[in-house]
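*Asks:* using only what follows, build the 3D model:
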Amino acid sequence: QLQNQLDFLTSENISLRIKVSSSKLEDDHPIIGRYANLSRQILDLETRADKREKELINAVKKTKISCETEIRRLKLIHEEEIDDKNKQVQSFREELVELMNKVKIYASSQAGVKERT
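*Replies:* Okay, here's the model as predicted:
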C-alpha cells in the first residue's frame, strides 16, 4: 500500500516538474509546448496504466487467496462426507457379517434337523 502511494507520488512529482518546465518553454516555443503537452499525456497514461496494473495484481492475489480458502473449505466438507460414508459402509459390513453368521447357524441347525428325521 505504501509502495503504491510512493510510486503514485513519484510519478505525480515528475508530472508536475514537466508541467512547470514546459509552461516556461511554451511561451517561447510552441513546438516545445506541444511536445511537453504530449509528454504530460504520455506520463499520465503510463501512471494510470501502472495504477491499473497494480490494482489488477491485487485483485488477482485476493481472488487466489479466496479460491484457495474455498478449496480448503470444500475439501474439509467432502472429507467429512467421505468419512461418514466409510463409517456407514463399515457398519453395514459388520451387520452383514453378523447376518451371515446367523444364516450359517440357522442353516447348520436346519441340516441337523433334516438328518434326524
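*Asks:* pLDDT of the lengthiest helix in the chain, averaged?
*Replies:* Secondary structure of the chain per DSSP state H: the longest helix is helix 30-116. Mean pLDDT, helix 30-116: 87.
*Asks:* from the chain's centre, how far out does it sit?
*Replies:* From the chain centre to the centre of helix 30-116 is a distance of 12 Å (Cα atoms, centre = their mean, to the nearest Å).
*Asks:* helices or strands up against it?
*Replies:* helix 2-28 (3 or more Cβ pairs under 8 Å, 6 or more residues apart in numbering; DSSP states H and E). In short, each C-beta sits where N, CA and C put it, glycine included.
*Asks:* center of the protein, which residue is that?
*Replies:* Nearest to the centroid of the C-alpha atoms of the chain, with distances taken as Cα atoms, centre = their mean, sits residue 64, at 2.3 Å.
*Asks:* how close does that one sit to residue 73?
*Replies:* 15 Å (Cβ to Cβ, to the nearest Å).
*Asks:* go on, residue 55?
*Replies:* For residue 55, the distance to residue 73 - Cβ to Cβ - is 27 Å.
*Asks:* kindly report the same for residue 57.
*Replies:* Distance, residue 57 to residue 73, using Cβ to Cβ: 25 Å.
*Asks:* equivalent analysis for residue 61, please.
*Replies:* 19 Å.
*Asks:* can you check residue 62 too?
*Replies:* Distance of residue 62 to residue 73, computed by Cβ to Cβ: 16 Å.
*Asks:* next: residue 59.
*Replies:* 21 Å.
*Asks:* repeat that for residue 79.
*Replies:* From residue 79 to residue 73 the distance is 11 Å (Cβ to Cβ).
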